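Engineer: structure, please.
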Amino acid sequence: MAKDRETKSTRDKAAAARAEQVAKEKRRERTVRIIGAIGVVVVVVLIIGLAVVVPRLSGDSSADGGTPMPAPDPNAAVPTGVYGADGVAPWGVPVGDAPETAPLLELWEDFQCPACGSLEELNGAGIQSLGTDGTVRLVWRPTAFLDNNLGNTSSAAAINAWGCAIDAGKTVEYHDAIFANQPTSEGEGFSRDLLVGLAEQVGITGVPLEQFNDCLTSNRYLGWAANSTQAFYDANVEGTPRGFLNGTPLDGAQLADQATLEKLVQEAAAAQ
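Structural biologist: Model (predicted):
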């Protein structure tokens with residue numbers, strides 16, 4: 001009998017030891033997962049938080065053979081529905097039909113900006129939804145400051161092409177397509193063939209496509225690109241992506257997290 005009790009005690013101790021070992025393994029795996037998740041969040045915040053310091057540079061930025069932006073001209077043509085010099089967000093592109101009582105959310109973007117592309121991938125749809133459902137007066141504000149930094153004219157060319165697509169009724173679709181087709185290496189830019197191909201991809205066909213091509217070739221909206229970029233410089237915006245909610249700056253991390261952004265919008269609406 002004593003021997004049976006001793007055997008049972010040994011088995012119980014062994015079982016307890018195994019259970020403790022399993023528990024330790026589970027705790028270790030949970031710790032690894034938590035550390036991994038924190039690492040992912042930190043990386044995302046670092047990527048989205050990369051506001052590029054903007055030197056005010058001058059000179060011809062047409063190293064890629066494209067057409068450089070002209071001097072700013074308040075009388076330059078703007079695409080259909082885009083704000084002019086006297087708009088609530090000069091030279092900006094409104095998204096949705098929110099009432100004037102809704103908070104104003106401005107988003108500065110450069111089509112060549114990798115951090116802008118990351119933001120678009122992470123929460124572009126969420127930001128857009130705030131505009132299309134009338135929660136905010138969402139305004140996209142394009143800038144071509146990276147043309148100077150990268151020695152090309154691709155940001156201005158993309159803005160010009162976007163303006164042509166806006167006239168064709170593809171404001172959101174073309175905007176999203178440009179970011180979805182950013183080159184792998186920053187500075188490679190956008191070819192004319194790509195810009196035309198994106199028009200076809202988003203559903204611009206027939207006569208509207210012919211009009212798009214005429215608009216693109218004539219650089220109809222390079223003046224608009226120049227005006228909006230000058231507004232970016234004049235406002236001393238630190239880089240892109242950069243948001244302003246009723247004039248209060250928002251960084252990339254705040255814009256990338258939909259829950260945080262919605263909370264800030266609610267607070268802005270309550271403070272009006």
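
Engineer: who's in contact with Ala177?
Structural biologist: Neighbouring residues of Ala177 by Cβ atoms under 8 Å, 6 or more residues apart in numbering: Leu198, Gln201, Val202. C-beta here means a position set from N, CA and C on the backbone, and glycine is covered the same way.

Engineer: can you say which of these are buried?
Structural biologist: The neighbour-count test (16 or more other Cβ atoms under 10 Å) marks Leu198, Val202 as buried among the contacts of Ala177.

Engineer: just the terminal-to-terminal distance for stretch 166-177.
Structural biologist: End-to-end distance for stretch 166-177, by Cα to Cα, to the nearest Å: 13 Å.

Engineer: same deal with stretch 88-100?
Structural biologist: Start to finish, the residues bounding stretch 88-100 are 10 Å apart (Cα to Cα).

Engineer: for Phe232, what are its contacts?
Structural biologist: Contacts for Phe232 (Cβ under 8 Å, 6+ apart) come out as Val54, Trp108, Arg141, Thr143, Phe145.

Engineer: so which of those residues wins on neighbours?
Structural biologist: In terms of neighbour count, Thr143 stands highest of the contacts of Phe232 at 29 neighbours, by other Cβ atoms under 10 Å.

Engineer: check pLDDT for the contacts of Phe232 and point me to the minimum.
Structural biologist: Ranked by pLDDT, the contacts of Phe232 bottom out at Val54, which has 43.

Engineer: show me the helices in the stretch 51-200 of the chain, by range?
Structural biologist: Assigned by DSSP state H, counting those that start in this stretch, the helices in the stretch 51-200 of the chain fall at 114-132, 146-150, 154-167, 171-180, 192-201.

Engineer: in the first one, which residues are buried?
Structural biologist: Burial within helix 114-132, assessed by neighbour count using 16+ other Cβ under 10 Å, is assigned to 114-120, 122-124, 127-131.

Engineer: check which helices and strands it is in contact with.
Structural biologist: Counting contacts by 3 or more Cβ pairs under 8 Å, 6 or more residues apart in numbering; DSSP states H and E, helix 114-132 packs against helix 2-48, strand 93-95, strand 104-109, strand 137-142, helix 171-180, helix 252-256, helix 258-271.

Engineer: now with 6 Å, please.
Structural biologist: The contact analysis (3 or more Cβ pairs under 6 Å, 6 or more residues apart in numbering; DSSP states H and E) places helix 114-132 against helix 2-48, helix 252-256.

Engineer: which stretch in these has the least confidence?
Structural biologist: In terms of average pLDDT, helix 2-48 trails the rest of these, at a mean of 46.
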